[in-house]
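A.B. asks: generate coordinates for the sequence data below:
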Amino acid sequence: MAPTKQAATAETNRGRRVELQGEVVANKMQKTISVLVYRTVKHEKYGKYVKKSTLIKAHDEKQTAKVGDTVVIYETRPLSKTKRWALASVVTTKK
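C.D. replies: Residues are numbered from 1 along each chain as shown. The predicted model follows:
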């Protein structure tokens, strides 16, 4: 039996890519940026939405992102002890 069109596309796609948007806070490392990502979480007891932040290390192969830029990063395989993300694109640049 020949594979169907649906099965062929399922093999080529990697599934849903997890992407986050955040601000670059450090780029002093070689090919690595630190990205500050905010998320809102509902407080368990009071029900109020609280803003929480996470600092994520991401791989920047071409070293294009600068401090203050808004970037999109995506989840990838482990690249080092702390790097699990890579730079997808720079959304806005700081003037």
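
A.B. asks: any idea which helix or strand comes after the helix or strand of the chain with the lowest mean pLDDT?
C.D. replies: Using mean pLDDT, DSSP states H and E, helix 5-12 stands out as the lowest-scoring helix or strand of the chain, at a mean of 53. Downstream of helix 5-12, the first helix or strand assigned by DSSP states H and E is strand 19-26.

A.B. asks: which parts of that following strand are buried?
C.D. replies: 20, 22-24 (16 or more other C-beta atoms under 10 Å). No exception for glycine: its C-beta is placed from N, CA and C like everyone else's.

A.B. asks: just checking: what are the partner strands of that strand?
C.D. replies: For strand 19-26, the paired strands and their directions (DSSP bridges) read strand 32-42 (antiparallel), strand 70-75 (antiparallel).

A.B. asks: that older thread, Ala86: which of the buried residues of strand 19-26 is nearest?
C.D. replies: Relative to Ala86, the closest of those is Leu20; by C-beta to C-beta it sits at 11.3 Å.

A.B. asks: quick one on the thing from earlier: what would the buried residues of strand 19-26 look like in TSV with distance to Gly47 and pLDDT?
C.D. replies: Listed next are the buried residues of strand 19-26 as TSV, based on distance: C-beta to C-beta, whole Å; pLDDT from 0 to 100:
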residue	distance to Gly47	pLDDT
Leu20	25	95
Gly22	26	96
Glu23	28	96
Val24	33	96
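
A.B. asks: same list (the residues you listed) but as a markdown table, adding distance to Lys52.
C.D. replies: As requested, those are exported to a markdown table (distance: C-beta to C-beta, whole Å):
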| residue | distance to Lys52 |
| --- | --- |
| Leu20 | 13 |
| Gly22 | 13 |
| Glu23 | 15 |
| Val24 | 19 |
